[in-house]
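[1] Predicted model and sequence follow; I will ask about them next.
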Number of protein chains: 2
Amino acid sequence: MGGDYAPDEIVAGVVRAVRQHGIAVVLAGRPGQLRPLLADHHAAGEIRIVAADDSPGMDEGGLAIWRRPRSSIAVPCQLVRRGQASAVVSAGSTGAIVTTARMRLRLLPGVLRPALAVVLPSRPAPAILLDVGAIADPKPEMLVQFAQLGVAYAQVSHNVAEPRVGLLTIGAEPGKGNKLARRAYELLSEDPKDGGMPIGFIGNIEGSDLLTGKVDVAVTDGFSGNVALKTLEGAERFAVDQLRQIATASPAARLGALLQRRKLREFAELVDSETHGGAVLLGLSGTVVIAHGASRARGVTSACLLAADLEERKITERIRERLGPERHFLRRPLGHPRDAD
Amino acid sequence: MGGDYAPDEIVAGVVRAVRQHGIAVVLAGRPGQLRPLLADHHAAGEIRIVAADDSPGMDEGGLAIWRRPRSSIAVPCQLVRRGQASAVVSAGSTGAIVTTARMRLRLLPGVLRPALAVVLPSRPAPAILLDVGAIADPKPEMLVQFAQLGVAYAQVSHNVAEPRVGLLTIGAEPGKGNKLARRAYELLSEDPKDGGMPIGFIGNIEGSDLLTGKVDVAVTDGFSGNVALKTLEGAERFAVDQLRQIATASPAARLGALLQRRKLREFAELVDSETHGGAVLLGLSGTVVIAHGASRARGVTSACLLAADLEERKITERIRERLGPERHFLRRPLGHPRDAD
């Protein structure tokens, strides 16, 4: 029920994900609204509906969200928690999804906070940027964990054996940045503690390095990460708009554009967020994919594909392995064999 | 002496600024290096040289910079301080210039910290983004002052009578963002204290709004501002590179590009940092323009033009007016007439 074009485009996208890609999808929402839409696609018996209320709005705070265990975001999270689903996909408000997922899903052992990750269309290979907004004021230790989450994502999704990790900051030299980045740099440079696997940290990177393929994973706080992501989206939209104006400026230019048609469409696709599926909330006991709020059917299908792909490749287990179970056990009130060493 | 192509391209750019635009420029640097370069341009008697050492490097800290009062950045600052020059232009390391200028120039009354401002090529009108890196961990009160500095810049440079000011953050609603942004939002929403002039604050904006003309001035901390600026530069370079590839992909595409030649050049110009002159350090008793480190002659000429233009339009006086003199007087140990009120 979340997203600018819900539920029509959500249903259309889900039908496509089920029929064209064989993904098993359960719809959570108001059956009275969803049933006729499924019937329009002749998919009434094909796709299961679980009754849920509307999606929480952007302006709803934590308490309001807590009081809505039947929202169309909370219900799928409960399905995942009970093992009846593997992943959640939503095009609702990012803030509401992050809050709901944190309340309804378990944190993976050792994870302090989940992080929101996106894939950037950098060349020659894609890069993962995180956190892009799950937590605006993180502690430096959390950035080290974000690096682990990003590495697992790059390994699983982009088949990179040893992802190169950069810290997004200002100035390339060590010691540059704000207090948070300077401390995170120190922690990332050390060997991981708490039983985590080593991180291939290559040092500081700047905003201008995000699309150059310099790193496979760019780590930052949720505030700067969100500013960088939105700025990137704005710049890409700006470039596409300017090109459209160039292409229609004169008859000669129109002819020129016609000759480049296929390539220009490829560029627009490359920078189009609907192609990429959406942001992924990592660090919880189940993958949550957040599609762009303005997603049409195509974007919803991409998001379902991304969620299914991450689950098939066992992203959650990979994160568990990378972080190591020690922290979790040490935190238990009762003694664990290791404690006796 | 600062910049990747110093001193050759600096001298070439300055000669152009003097001859084509009638700007009076004094060169600070090693006379033995500068004199032959001026002679190559037949400008030996035309442009004055003030002896100075090399520019400080990116890796030099505050203490090292303090110990170099004869650097090619320190000397021009001293000329401004003594009233023998109006503005400083450099293509040296941004960090070194900001540190030197803060040591050698006075803060304007009431200014807590100077801010680094850039003009973004947004459409339909340009927008000013600040701070883009002068201070990585500012206090919320400083962001209100940055708004005043940005308003003065927009009024003077873009002839906007009442600039619209936005706070760059994550999420458009009030209360969104990190701690710093949430507090800055409150302060910007109040009437200015300390005798400052009212700010036309329109609320939060996101990175995607930077190029849409939604605001004339975007205010943020130096960390996020620098990340946004560098990300924008990277995205623009990415778009231009992709277009170049599109334009040479096939004979038809090459013909297409030929037909759009003029317009594509205009787009490249629009997003080229050399066209814009550079970043301006505002809040000190003299304008400091920081050209891109990789500036060629054209970029240096643009930077000189920007500095001269800001001085002619009396940016420093405008900032003084906007901030109001009260804070300065209240801070004096001896009583001021207003104190008796």
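    Nice, thanks for sending it over.

[2] is it true that A:Leu116 lies in a strand?
    Yes: applying DSSP: H, G, I helix; E, B strand; the rest coil, one finds A:Leu116 inside a strand.

[3] wait, it sits on A:Pro138?
    No: contact criterion C-beta atoms under 8 Å: A:Leu116 and A:Pro138 do not qualify, at 11.6 Å. Every C-beta, even on glycine, is put in place using the N, C-alpha and C of the backbone.

[4] Quickly list what's touching both of the two.
    Shared contacts of A:Leu116 and A:Pro138, defined by C-beta atoms under 8 Å, 6 or more residues apart in numbering or on different chains, comprise A:131, A:222.

[5] Now A:Glu46: closest residue in space, sequence neighbours ignored.
    Once flanking residues are discounted, A:Glu46 sits nearest to A:Val18: 6.6 Å by C-beta to C-beta, 6 or more residues apart in numbering or on different chains.

[6] Which other helices and strands does whichever helix or strand that neighbour is part of contact?
    In this assignment (DSSP states H and E), A:Val18 forms part of helix A:8-21. Identification of packing neighbours for helix A:8-21 by 3 or more C-beta pairs under 8 Å, 6 or more residues apart in numbering or on different chains; DSSP states H and E yields strand A:26-29, helix A:31-40, helix A:297-312.

[7] all helices for the stretch 1-150 of chain A, in order.
    Using DSSP state H, counting those that start in this stretch, the helices of the stretch 1-150 of chain A run over residues A:8-21, A:31-40, A:62-66, A:74-81, A:94-104, A:140-158.

[8] Which of the ones you listed comes out lowest on mean pLDDT?
    Ranked on mean pLDDT, the bottom entry among the helices of the stretch 1-150 of chain A is helix A:62-66, at a mean of 80.

[9] Now whatever residue of the stretch 1-150 of chain A ends up closest to chain B: phi and psi?
    In the stretch 1-150 of chain A, the residue that lies nearest chain B is A:Ala136 (3.9 Å; C-beta to the nearest C-beta). The phi and psi values for A:Ala136, taken as degrees, to the nearest 10, are phi -80, psi -30.

[10] Contact partners for it?
    Neighbouring residues of A:Ala136 by C-beta under 8 Å, 6+ apart: A:221-223, B:170, B:177-179, B:181.

[11] Any regions of the stretch 201-341 of chain A where pLDDT drops low?
    Along the stretch 201-341 of chain A, segments meeting pLDDT under 70 span A:247, A:249, A:253, A:256-264, A:267-276, A:325-341.

[12] Let me see the ranges of the helices in it.
    Under DSSP H, counting those that start in this stretch, the stretch 201-341 of chain A gives helices at A:222-247, A:251-259, A:261-270, A:273-276, A:297-312, A:315-323, A:326-331.

[13] Reformat those helices into a markdown table and put mean neighbour count and distance to chain B next to each item.
    Shown next, in a markdown table, are the helices of the stretch 201-341 of chain A (neighbours: other C-beta atoms under 10 Å in any protein chain shown; distance: least, C-beta to the nearest C-beta, whole Å):
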| stretch | mean neighbour count | distance to chain B |
| --- | --- | --- |
| helix A:222-247 | 23 | 3 |
| helix A:251-259 | 17 | 3 |
| helix A:261-270 | 15 | 4 |
| helix A:273-276 | 19 | 11 |
| helix A:297-312 | 22 | 17 |
| helix A:315-323 | 20 | 24 |
| helix A:326-331 | 15 | 26 |
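
[14] Of these, give the one that comes closest to B:Ala24.
    Nearest of the helices of the stretch 201-341 of chain A to B:Ala24, taken as C-beta to C-beta: helix A:222-247 at 37.1 Å.

[15] ok, A:Gly62 - how many residues close by?
    13 (other C-beta atoms under 10 Å in any protein chain shown).

[16] Sorry, slip of the keys, the one I care about is A:Tyr185.
    20.

[17] can you check A:Arg82 too?
    The tally of other residues near A:Arg82 (other C-beta under 10 Å) stands at 8.

[18] Tell me how far it lies from A:Ile47.
    20 Å (C-beta to C-beta, to the nearest Å).

[19] now do A:Pro124
    Per C-beta to C-beta, A:Pro124 is found 38 Å from A:Ile47.

[20] Of these two, which one has the most company?
    Taking neighbours as other C-beta under 10 Å, A:Pro124 and A:Ile47 compare with A:Ile47 leading, 19 against 6.

[21] thought the more buried one was touching A:Val15?
    Yes: assessed by C-beta under 8 Å, A:Ile47 is found in contact with A:Val15 at 7.0 Å.

[22] Quick check: neighbours shared by those two?
    A:Leu38.

[23] on that earlier part again, mind putting the helices of the stretch 201-341 of chain A into a markdown table with distance to B:Leu107?
    Shown next, in a markdown table, are these (distance: least, C-beta to C-beta, whole Å):
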| stretch | distance to B:Leu107 |
| --- | --- |
| helix A:222-247 | 27 |
| helix A:251-259 | 50 |
| helix A:261-270 | 46 |
| helix A:273-276 | 43 |
| helix A:297-312 | 50 |
| helix A:315-323 | 47 |
| helix A:326-331 | 47 |
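
[24] Fine, thanks again, bye for now.
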